[in-house]
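In: Sequence isn't available, so here's the structure alone:
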DNA sequence: TGAGAGTATGTCGGATATGACATATACTCC
DNA sequence: GGAGTATATGTCATATCCGACATACTCTCA
């Protein structure tokens, strides 16, 4: 692992060498969950910026408060598809989306 | 629609005012399919660069040749999730993925 | 303390995506 | 023309995701 990455993870409270390796995640799996978390955080941030409640966002998305909560929590039952569609519905551009991921 | 976008679409062979509007796509829906197409193309390109057949890629992904074909065709039955996972399996980084999308 | 607003978590039936298979089409080489 | 290889298309059963509901937790304010 590169130093910059290690530092970034540790800053965010991750114990490098514990979670990822304990769960036995491959590089791809790790990248996948990192992307999902990034999108989750973007969604929450975007919602809060617009001063919406989860219930309000759910109504906009024709979904439910519980699913919005799961989206923002990066729940395993939530697909990247749903996160992407939700962010687009909140007005994010493809360019911003691309940036959020990486 | 902005001029730059219109020009870009027309360059690629799209008849502006036909497909999108005929299918009655909202801006979000359009952005979603554009993203999917971008990922599809990236997948095909990546596979061909590695000189793999669809069947070989399918084996790598523990999927099937027919599904790989559908992925590359941007078939509606294929999710962005699957495309993302496949691209990661082919060694694409999050950064490259983000760039591909936008 | 307790009522109300917002968020989190568990579960479920129905909806959608998945791998697999069969088969079709396209192309090359003989 | 036909055999071989690669890709495309249609269908199906199962797996996974979804919205919805119930309910739990966490604040804030009076």
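Out: Happy to help now that I have it. Just so it is clear, the model here is predicted, and its values are computed rather than measured.

In: what element comes up after the lengthiest helix in chain A heading to the C-terminus?
Out: Counting by DSSP state H, the longest helix found in chain A is helix A:27-49. Following helix A:27-49 in sequence order, the next helix or strand is helix A:54-61 (DSSP states H and E).

In: for the helix or strand immediately after that next one in the chain, which positions count as buried?
Out: For helix A:54-61, the succeeding helix or strand toward the C-terminus, using DSSP H and E, is helix A:65-73. Counting neighbours by 16 or more other C-beta atoms under 10 Å in any protein chain shown, one finds that the buried residues in helix A:65-73 are A:67, A:68, A:70, A:71, A:72. In short, each C-beta sits where N, CA and C put it, glycine included.

In: Can you add distance to DNA strand C and pLDDT and give those back as CSV?
Out: CSV is the format used below for the buried residues of helix A:65-73 (distance: C-beta to the nearest atom of the strand, whole Å; pLDDT from 0 to 100):
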residue, distance to DNA strand C, pLDDT
A:67, 8, 98
A:68, 7, 98
A:70, 5, 98
A:71, 9, 98
A:72, 5, 98
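
In: Save those as JSON lines, and put in distance to chain B too.
Out: JSON lines is the format used below for the buried residues of helix A:65-73 (distance: C-beta to the nearest C-beta, whole Å):
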{"residue": "A:67", "distance to chain B": "16"}
{"residue": "A:68", "distance to chain B": "17"}
{"residue": "A:70", "distance to chain B": "15"}
{"residue": "A:71", "distance to chain B": "14"}
{"residue": "A:72", "distance to chain B": "18"}
